[in-house]
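Peer 1: can't give you the sequence, but here's the structure:
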């Protein structure tokens, strides 16, 4: 499993859950093939973004009605198991599972990042191996090389988690064009680059899962956080289109739309209504991977809430606080 954004709290929580499960069952449950014969995909790795002004270690998936997004931390990545006969059914769940591949993780984070804590958590959870790779989200030219190195060293990617992103400083971004562009570059442009390379590699192998963290901040962008929200809106749209393009290829894309997540990135902020913890987001993500869901809202109540909020008059919407 590969996690891009190795210090991400959510990414680490997802990896720990998969490592514990693999330690008990001997592998991570894969999603079954759908009716069209498409492979459900294995649980894969996650990626983490690089630092810049106001940049966090993980996906900015903590936005809620307040449009504030927490640092999810870097997520671990998991590589595939290429040994013949490694895939066996999990009789308790009825889902296929992968052998030792579910116990091998790669955490990709910006150079110099201290990943001792997530590495220790994964080892304590039963991970067979936890490796660390340098990953600079803003260095677009390095993305392909990182993915190819992981594949060459560990075999086919099963799950790739994009757990990097930044919240940025909205007030500064309104007058500092460079800061505004930096937020959009990390939260949208870099994500598009990683997703495009990842999709190409997974298409070639005919299987795999990709986890993308959008945010409710992008469902209807607010005046109070429009730079970050617009980047998430773009990412959400790109991920939806990419998921459609991958249909029938054997590759599964899961789009996660969290509300406000109480974590490092939102430290000091007042929690928005329907807030969640990194653990709750991880639980929902793992469950959605198993069911081969296309989109998951966290918490689920945010889906009907934002269906209604779409119709709030603009004159009222622009006055809503962060």
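Peer 2: That came through fine. Note that the structure is predicted; figures quoted are calculated from it, not measured.
Peer 1: can you give me the strands for the protein?
Peer 2: Taking DSSP state E as the test, the strands found in the chain are 2-4, 44-47, 76-79, 88-90, 95-97, 104-109, 129-134, 157-162, 208-213, 251-258, 295-298.
Peer 1: Now render those as TSV, adding mean pLDDT, mean neighbour count and distance to residue 304.
Peer 2: Yep, even glycine has a C-beta here, placed from its N, CA and C like the rest. Output for the strands of the chain, formatted as TSV (pLDDT from 0 to 100; neighbours: other CB atoms under 10 Å; distance: least, CB to CB, whole Å):
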stretch	mean pLDDT	mean neighbour count	distance to residue 304
strand 2-4	96	38	31
strand 44-47	38	36	29
strand 76-79	44	35	33
strand 88-90	35	14	33
strand 95-97	32	20	29
strand 104-109	95	33	35
strand 129-134	94	18	39
strand 157-162	96	34	26
strand 208-213	98	31	21
strand 251-258	98	26	13
strand 295-298	97	22	9
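Peer 1: Can you give me the pLDDT of residue 176?
Peer 2: On the pLDDT scale, residue 176 is placed at 99.
Peer 1: returning to what we had before: adding distance to residue 306, write the strands of the chain out as JSON lines.
Peer 2: Output for the strands of the chain, formatted as JSON lines (distance: least, CB to CB, whole Å):
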{"stretch": "strand 2-4", "distance to residue 306": "27"}
{"stretch": "strand 44-47", "distance to residue 306": "25"}
{"stretch": "strand 76-79", "distance to residue 306": "30"}
{"stretch": "strand 88-90", "distance to residue 306": "35"}
{"stretch": "strand 95-97", "distance to residue 306": "31"}
{"stretch": "strand 104-109", "distance to residue 306": "31"}
{"stretch": "strand 129-134", "distance to residue 306": "36"}
{"stretch": "strand 157-162", "distance to residue 306": "22"}
{"stretch": "strand 208-213", "distance to residue 306": "16"}
{"stretch": "strand 251-258", "distance to residue 306": "9"}
{"stretch": "strand 295-298", "distance to residue 306": "8"}
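Peer 1: do you know which of these lies nearest residue 220?
Peer 2: In terms of CB to CB, the element of the strands of the chain nearest to residue 220 is strand 251-258, at 12.0 Å.
Peer 1: quick revisit: of the strands of the chain, which approaches residue 200 most closely?
Peer 2: Closest approach to residue 200 among the strands of the chain is made by strand 251-258 (10.0 Å; CB to CB).
Peer 1: so how far is that closest one from its chain's centroid?
Peer 2: Here the centre of strand 251-258 is set off from its chain's centre by 8 Å, with CA atoms, centre = their mean, to the nearest Å.
Peer 1: for that strand, packing partners?
Peer 2: Other helices and strands packing on strand 251-258, by 3 or more CB pairs under 8 Å, 6 or more residues apart in numbering; DSSP states H and E, are helix 190-205, strand 208-213, helix 226-246, helix 278-290, strand 295-298.
Peer 1: what's the most buried one of the ones you listed?
Peer 2: strand 208-213 (a mean of 31; mean count of other CB atoms under 10 Å).
Peer 1: which stretches of this structure have low pLDDT?
Peer 2: Applying pLDDT under 70 to the chain flags the ranges 25-102, 266-268, 322.
Peer 1: isn't residue 252 right next to residue 290, touching?
Peer 2: No - Residue 252 lies out of contact with residue 290 (CB atoms under 8 Å); the separation is 10.8 Å.
Peer 1: Need the helices and strands packed on strand 251-258 in TSV (columns: distance to residue 155).
Peer 2: Formatted as TSV, those follow (distance: least, CB to CB, whole Å):
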stretch	distance to residue 155
helix 190-205	9
strand 208-213	11
helix 226-246	21
helix 278-290	19
strand 295-298	28
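Peer 1: between the ones you listed, which gets nearest to residue 313?
Peer 2: The nearest among the helices and strands packed on strand 251-258, by CB to CB, is helix 226-246 at 17.4 Å.
Peer 1: now what about that closest one, what contacts it?
Peer 2: 60, 63, 67, 69, 166-168, 170, 173-174, 180, 183-184, 187-188, 191-192, 195, 199, 202-203, 212, 214-215, 217-219, 221-222, 252-253, 255, 257, 294 (CB atoms under 8 Å, 6 or more residues apart in numbering).
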